[in-house]
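>>> Here is a sequence with its predicted model. Questions after.
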Amino acid sequence: MPIEYTSPASRERSRSVSDAGEGAAGGTLTRRASRADLSREAGEVYTHAELRALLADCLMLWGVQGRVVADDVGVTINTGDGAFSLQHAPPNLRPARWLLQTPPRQAANRPPRAAPSIVALLTALRNALGAASGTPLRIGIGAPAS
């Protein structure tokens, strides 16, 4: 079973199965029932404010000029290329958890693109914005290839 550190502030929310011991800052190491319990997307929903902050950081990291606005429906990213809309997928579309509407899809009257995870959503958004991906990390032993 995986072990996760739970801070004292979030200990009350923890659905632990059994305690494994004390952590460094007075937190508790707890055993979780399953891997799904560790996934934020398994039960909790990102708030629009959290998603807005994440997207603002991503735009800065990707070097894309844009403005992120959260509203009642979801989050909109306004760039020079148009408005990119993100929202939570309704429960009847599971396993899709996110919907991404891009200006080209909207102009073609196509439905929003479904994404099964926040990682897939961010990858699709980065590609739609035309932002370059980072250099892949390679870990290994030996001299670099010439």
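Thanks, I have it. Numbers count the residues shown, from 1 in each chain.
>>> need the strands for this structure, in chain order.
In the chain, strands defined by DSSP state E lie at 3-6, 18-22, 28-31, 66-70, 75-79, 82-88, 98-101, 113-115, listed in chain order.
>>> and those, which one is worst for confidence?
Across the strands of the chain, the stretch with the lowest average pLDDT is strand 3-6; it has a mean of 37.
>>> Please name the residues that touch the nearest residue to A96 once chain neighbours are set aside.
Of all residues beyond its chain neighbours, the one nearest A96 is A114 (3.6 Å), with distances taken as CB to CB, 6 or more residues apart in numbering. Where C-beta positions appear, they are placed from N, C-alpha and C, glycine not excepted. A114 makes contact with 89, 93, 96, 98-99 under the criterion CB atoms under 8 Å, 6 or more residues apart in numbering.
>>> can you pick the most crowded of the residues you listed?
Tallying neighbours with other CB atoms under 10 Å puts W98 at the head of the contacts of A114, with 25 neighbours.
>>> pretty sure that residue is touching Q87, no?
Yes - the pair W98 / Q87 is scored as a contact, 7.3 Å apart, by CB atoms under 8 Å.
>>> Of all pairs in the contacts of A114, which one spans the longest distance?
Checked with CB to CB, the contacts of A114 reach their widest spread between L93 and W98, with 9.7 Å between them.
>>> Would you quantify the distance from R67 to R52?
10 Å (CB to CB, to the nearest Å).
>>> Compare these two and say which is more crowded by neighbours.
Of the pair R67 and R52, R52 is the one with more neighbours under other CB under 10 Å, namely 20 against 11.
>>> From the structure, what's the count of residues near the residue nearest to that one when sequence neighbours are not counted?
Using CB to CB, 6+ apart and skipping residues adjacent in sequence, the residue nearest R52 is A70, 4.3 Å away. Other residues within reach of A70, judged by other CB under 10 Å, total 17.
>>> and what of I141?
Other residues within reach of I141, judged by other CB under 10 Å, total 4.
>>> Phi and psi next, for the residue nearest to G80 when sequence neighbours are not counted.
Closest residue to G80 in three dimensions, ignoring its sequence neighbours and counting by CB to CB, 6+ apart: Q65, at 6.7 Å. According to degrees, to the nearest 10, the main-chain angles of Q65 amount to phi -80, psi 120.
>>> That'll do, ta.
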